[in-house]
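K.L.:
Got a predicted structure plus its sequence, pasted below:
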Amino acid sequence: MHDDLSVADYVYFENSSSNPYLIRRIEELNKTANGNVEAKVVCFYRRRDISSSLIALADKHATLSVCYRAGPGADTGEEGEVEEEVENPEMVDLPEKLKHQLRHRELFLSRQLESLPATHIRGKCSVTLLNETESLKSYLEREDFFFYSLVYDPQQKTLLADKGEIRVGNRYQADITDLLKEGEEDGRDQSKLETKVWEAHNPLVDKQIDQFLVVARSVGTFARALDCSSSVRQPSLHMSAAAASRDITLFHAMDTLHKNIYDISKAISALVPQGGPVLCRDEMEEWSASEANLFEEALEKYGKDFTDIQQDFLPWKSLTSIIEYYYMWKTTDRYVQQKRLKAAEAESKLKQVYIPNYNKPNPNQISANSVKASVVNGTGTPGQSPGAGRACESCYTTQSYQWYSWGPPNMQCRLCASCWTYWKKYGGLKMPTRLDGERPGPNRNNMSPHGIPARSSGSPKFAMKTRQAFYLHTTKLTRIARRLCREILRPWHAARHPYMPINSAAIKAECTARLPEASQSPLVLKQVVRKPLEAVLRYLETHPRPPKPDPVKSSSSVLSSLTPAKSAPVINNGSPTILGKRSYEQHNGVDGNMKKRLLMPSRGLANHGQTRHMGPSRNLLLNGKSYPTKVRLIRGGSLPPVKRRRMNWIDAPDDVFYMATEETRKIRKLLSSSETKRAARRPYKPIALRQSQALPLRPPPPAPVNDEPIVIED
Amino acid sequence: MAQTQGTKRKVCYYYDRDVGNYYYGQGHPMKPLQIRMTHNLLFNYVLYRKMEIYRPHKANAEEMTKYHSDDYIKFLHSICPDNMSEYSKQMQRFNVGEDCPVFDGLFEFCQLSTGSSVASAVKLNKQQTDIAVNWAGGLHRAKKSEASGFCYVNDIVLAILELLKYHQRVLYIDIDIHHGDGVEEAFYTTDWVMTVSFHKYGEYFPGTGDLLGLAKASTMLLTTLSEMGLMISCFNLTIKGHAKCVEFVKSFNLPMLMLGGGGHTIHNVAQCWTYETAVAQDTEIPNELPYNDYFEYFGPDFKLHFSPSNMTNQNTNEYLEKIKQKLFENLRMLPHAPGVQMQAIPEDAIPEESGDEDEEDPDKCISICSSDKRIVCEEEFSDSDEKGEGGRKNSSNFKKAKRVKTEDEKEKDPEEKKEVIEEEKTKEEKPEVKGVKEEVKLA
């Protein structure tokens, strides 16, 4: 269904098996280091993604404009609310069903960019600006076709018309003076406005001018022969002649002609004023080889920041001469070489990408005898099949070659194949139902497709996880094997490398072989004496642990779907810019480690909240205790330009993480291995360093005054 | 209408040789170098010799405040990269910073571009030329007290104001890919200036200028849209296609001012402006580019023209036809002769507009609607066929001698704008090349 995708295509993305597709426009296609293709995309939002109060506003807008635009006979005002419908008789004519379906075709543009793996693309679609000359019905007639007229700002929760405005008032319009009366003077003195430098109606014919230009070049060539610095730069006559043919010499010749009132002989004398020839050199020629080298070095270092280049490398040049030189330098071979290098780098920017058809079965597909059930060690056990025989929630058919479970699992609703496709593409049910077509689909209330926790309407039945539960069931043999075949199993190693396969067959065999022998010498297993719960509680009361830092997590951890989306910070979400929709900086949106991102639930913008909680210096809890460390608070704008690593809060795996500092590493080395182990098993216990081991510790960092990012030196 | 094609007309050209050395900043798409590249091409094509060439004087602040507010111009005059930190508040207020960066020589650049456009207008007023060209001008997005889209001082508005001293009407045609909203805003409430803009609408800066706006703003301005299908990269417009507009406007033999504008791909801009200068001169120039200081920029083929890509034209004829009709409808509603300044009117022809002002939502477009309401002038909705003629109806209703003037300017690829100024107009529809139509009239 889709093959070649390129930048500027509109596509469906799947981020959750049960939710409708996301609609995105591809802005960039990049190859990541591991060979995957990642698409940077602009987000479009569906009506269902936006709060109902905003939607009501949007509909009001639609009434003002959509209805207005549609002339008599056209279908109008699909978005209208009831009151407007009364006002507009045309709308009454539009069948309820079409109105319902049109709502699924309306999108809201945003300035939000995000990066998604291209493998999640599920096909192309089209999105256009609502066009007043199109009848609304025509949008419905086309498959995969959407329109928008408003721009949604997910941060501000606002909708704006995608247009600028022409303002009216004294502050905007020009004051026009009256037409002059006949004979009235405007008082303009043209000699103050302009200086003539060339007269088209001159006595010379083209040939004479050409001849004069040759003379000027000859004079220029001779001038270079006489000029020491030039003869160094242009060691051959050829080169001198070429240099003398640059435009600056010719322009000077033309000026000379004009100044001498197109008298060629006078003009020629002017080329050799005191008997010596005039020498005209532009910046390209003016610069010495060493200056040119300096310039290239500077360009390498500062890019095209010519002010910095001037200050730090070429203070004896003016800014304008540097700029002029730069543009001329670009015509040289040296530039061409550099450009080739850069072109090679740019290869990673893909123009087009081929995505094979995606044909894996959707997990929501209901197969003959198994539906969601818990899975033990990765193998399914047959469950009962719910909802068998139930009609499609949308069209009430009972016949379909394939069924899909839809909605909260406990409701056991299902959709027929065609309604399922409609749901995925258009985000609603084909038919308006008794519950109203906009009713929440699966997880609607606690999960937004954009990684922003949606407002929760508090209904617990929708808060249920759809993700299948998974747990490890250890058999006796497994437990024995852990002891007996320790050297093969290498549990520590395995724990650190969970992705490495373990050869369980070999271990099983080995374990079985060793078992008889081992049973001779019984393992000394330390009997664990568990204290009664009461005692534990009492202990905890007297040994309170520091509060767990992050309450924000709780909401986002519910987002258990496979959402790979990550919201990039939005820059310039206000007015559109002349560069298209984005300003330059926006091209450099967040470009993090996609793989890491995929491993965690999407938290989107909730991260700001987390930053505060996770920042160790906030509660002075680093590595579980208030260790004074080399943590520095960096205020905005004061980043010193040296090596440092900024904590990437977004990629942090969970609310607890360990930051090794120089000190902690030193301390680690001082501890014996048994001390380390003990500390690991009793993380709440302070580590007692013997006096002799203790290091001089730095004073604690100043208490944080604000929420600036924290930078940690590694 | 027009005796035209082939009539040699006098062309004055304004250029300052420093103008190519202003630099907006790293990565900024606006590159004044394109003006110099054009100049060097013109020279080496020998077009240079066929025009009167002027070096403009720098326009002063007083000149600029004929449109712009004093404090804005004062700010532009004072700001420079070294003192930016002291002006952060004002920078925000005047929208200077992002698209419109502070760069060295900013004010001088504005002075040169404005100086050229105003001098051009004066030249046209004095009937010393038929066509004036200023590729350094055309900064169509600047507002009265605000920079916008690379533009700080609106040389076009200042030039039109100058022209209005002698001409009853000015037609401004803008063929930049962006809407010339600065010019439109400046003359939004007057019927002495008609603005026509062919631009990309929708998800594109600045987002103004849709058909609707036009339908309601039936007073004077004309804005048009030509979605996809035009303009080089995005519009697939060829230089010749672009220049058709110059040719067309020129055919009316009205005084014409051609201005530059934005750019993006400097070599394409230079090619386009060069060709259009040749069109203004009625001179044919070879496709082979002559050697010049910037020759390497035009590789690999070093030709003046390039072929359109094979991108599909998404504008169906049907679609263009619909737009055209809509436009004609809108045009029909224009009072054909400039009338008195607006007055409030009872609701009329334009129905809808349900909401009362106070219950409208805060969408921006509403403000347009409501403001339209305020200015809609009911007067005569003449039949389109009727040729109306009439002077500017203001107190000094003075019937001028019949001298018409047009000004035009065209733009290239990403941008350029054109302005046409003319005196009397009526309407008549004239389907133009490429499905874009344009309306002009000629008494």
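P.N.:
Right, received. Where do you want to start?
K.L.:
Low-confidence bits of the chain, can you list those?
P.N.:
No chain specified, so I'll use chain A. A:1-3, A:61-94, A:131-134, A:162-164, A:345-351, A:368-389, A:433-473, A:518-529, A:544-658, A:689-714 (pLDDT under 70).
K.L.:
I was after chain B.
P.N.:
B:1-7, B:177, B:198-238, B:241, B:262-264, B:307-317, B:319, B:323, B:327-328, B:330-443.
K.L.:
mind listing the strands for it?
P.N.:
Taking DSSP state E, the strands of chain B run over residues B:11-14, B:52-56, B:131-134, B:170-174, B:193-199, B:224-225, B:256-259, B:418-420, B:429-431, B:437-439.
K.L.:
quick one: the helices in the stretch 101-250 of chain A?
P.N.:
A:136-141, A:206-226, A:228-233, A:237-243, A:247-259 (DSSP state H, counting those that start in this stretch).
K.L.:
Buried residues of the third one, list them for me.
P.N.:
Of the residues in helix A:228-233, those buried by neighbour count under the rule 16 or more other C-beta atoms under 10 Å in any protein chain shown are A:230, A:233. For every residue, glycine as well, the C-beta is placed using N, CA and C.
K.L.:
and it, what does it pack onto?
P.N.:
helix A:206-226, helix A:237-243 (3 or more C-beta pairs under 8 Å, 6 or more residues apart in numbering or on different chains; DSSP states H and E).
K.L.:
and the helices of the stretch 101-250 of chain A, which is most packed in?
P.N.:
Compared across those, helix A:247-259 shows the largest average neighbour count, a mean of 20 (mean count of other C-beta atoms under 10 Å in any protein chain shown).
K.L.:
and the next element down the chain from it?
P.N.:
Once helix A:247-259 ends, the next helix or strand along the chain (criterion: DSSP states H and E) is helix A:264-271.
K.L.:
so that following helix versus helix A:206-226, what angle?
P.N.:
Relative orientation of helix A:264-271 versus helix A:206-226 (axes from the mean of the first three to the mean of the last three C-alpha atoms, to 10 degrees): 20 degrees.
K.L.:
Give the buried residues for helix A:264-271.
P.N.:
A:264, A:267-268, A:270-271.
K.L.:
Quick check: beta-bridge partners of A:L107?
P.N.:
Following DSSP bridges, A:L107 is listed with bridge partners A:R46, A:Y148.
K.L.:
so what's it up against?
P.N.:
By C-beta atoms under 8 Å, 6 or more residues apart in numbering or on different chains, the contact set of A:L107 is A:23, A:44-46, A:127, A:146-148.
K.L.:
can you redo those as CSV with neighbour count?
P.N.:
Putting the contacts of A:L107 into CSV (neighbours: other C-beta atoms under 10 Å in any protein chain shown) gives the following:
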residue, neighbour count
A:I23, 25
A:F44, 21
A:Y45, 24
A:R46, 21
A:V127, 19
A:F146, 21
A:F147, 19
A:Y148, 22
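K.L.:
Give me the neighbour count for the residue nearest to B:A121 when sequence neighbours are not counted.
P.N.:
Nearest non-adjacent residue to B:A121, counting by C-beta to C-beta, 6 or more residues apart in numbering or on different chains: B:E162, 3.7 Å away. By the measure other C-beta atoms under 10 Å in any protein chain shown, the count of residues near B:E162 is 25.
K.L.:
OK, contacts around B:E162?
P.N.:
B:E162 neighbours (C-beta under 8 Å, 6+ apart): A:186, B:118, B:121-122, B:125.
K.L.:
same thing with B:Y87?
P.N.:
Contacts of B:Y87 by C-beta under 8 Å, 6+ apart are B:75, B:78-79.
K.L.:
any chance of the residues you listed in TSV, with neighbour count too?
P.N.:
Shown next, in TSV, are the contacts of B:Y87 (neighbours: other C-beta under 10 Å):
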residue	neighbour count
B:F75	20
B:S78	12
B:I79	20
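K.L.:
of those residues, list those near chain A.
P.N.:
Among those, no residue is within reach of chain A (C-beta under 8 Å from any C-beta of the partner chain).
K.L.:
Can you tell me which of those residues end up in helices?
P.N.:
In this view, these that belong to helices under DSSP state H are B:75, B:78.
K.L.:
now the longest helix belonging to chain B and strand B:170-174, what's the angle there?
P.N.:
Secondary structure of chain B per DSSP H: the longest helix is helix B:106-125. On the basis of the same axes, to 10 degrees, helix B:106-125 is oriented at 130 degrees to strand B:170-174.
K.L.:
residues of helix B:106-125 that come out buried?
P.N.:
In helix B:106-125, counting by 16+ other C-beta under 10 Å, buried: B:106-107, B:109-125.
K.L.:
same thing with stretch A:269-287?
P.N.:
A:270-271, A:277-285, A:287.
K.L.:
how about those in a markdown table, adding distance to B:F302?
P.N.:
Formatted as a markdown table, the buried residues of stretch A:269-287 follow (distance: C-beta to C-beta, whole Å):
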| residue | distance to B:F302 |
| --- | --- |
| A:A270 | 34 |
| A:L271 | 31 |
| A:P277 | 32 |
| A:V278 | 31 |
| A:L279 | 29 |
| A:C280 | 25 |
| A:R281 | 25 |
| A:D282 | 21 |
| A:E283 | 23 |
| A:M284 | 19 |
| A:E285 | 23 |
| A:W287 | 26 |
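K.L.:
Show me which of the contacts of B:Y87 is closest to B:C272.
P.N.:
B:I79 (31.8 Å; C-beta to C-beta).
K.L.:
thinking again about what came up before, got CSV for the contacts of B:Y87, with distance to A:L484 too?
P.N.:
Shown next, in CSV, are these (distance: C-beta to C-beta, whole Å):
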residue, distance to A:L484
B:F75, 82
B:S78, 84
B:I79, 79
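K.L.:
Could you check how many residues crowd around A:R490?
P.N.:
14.
K.L.:
Give the phi and psi angles for it, as a check.
P.N.:
phi 40, psi 70 (degrees, to the nearest 10).
K.L.:
same question, the one 5 residues further on
P.N.:
The phi/psi pair for A:A495 (degrees, to the nearest 10) reads phi -70, psi -30.
K.L.:
List the residues that contact the closest residue to A:K259 other than its chain neighbours.
P.N.:
In this structure, A:K259 finds its nearest non-sequential neighbour in A:A270, 7.1 Å apart by C-beta to C-beta, 6+ apart. Neighbouring residues of A:A270 by C-beta under 8 Å, 6+ apart: A:256, A:259-260, A:278.
K.L.:
burial count for A:L204?
P.N.:
17.
K.L.:
ok, it touching A:A267?
P.N.:
No - judged on C-beta atoms under 8 Å, A:L204 makes no contact with A:A267 at a distance of 9.9 Å.
K.L.:
shared neighbours of those two, which are they?
P.N.:
With C-beta under 8 Å, 6+ apart, A:L204 and A:A267 have common neighbours A:212, A:257.
K.L.:
Using CSV, write out every CA atom in stretch A:156-170.
P.N.:
Output in CSV follows, covering the C-alpha atoms of stretch A:156-170 (Å, rounded to 0.1, in the frame of the first residue of the first chain):
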residue,chain,number,x,y,z
GLN,A,156,-0.7,26.2,25.6
LYS,A,157,-3.7,24.2,24.7
THR,A,158,-4.8,26.7,22.2
LEU,A,159,-6.1,26.7,18.8
LEU,A,160,-5.3,29.4,16.3
ALA,A,161,-6.3,30.0,12.8
ASP,A,162,-3.4,29.1,10.5
LYS,A,163,-3.1,32.6,9.2
GLY,A,164,-1.7,35.9,10.0
GLU,A,165,-3.9,38.9,10.2
ILE,A,166,-4.1,42.3,8.6
ARG,A,167,-4.7,44.8,11.3
VAL,A,168,-6.5,48.0,11.1
GLY,A,169,-5.8,51.2,13.0
ASN,A,170,-3.6,54.2,13.1
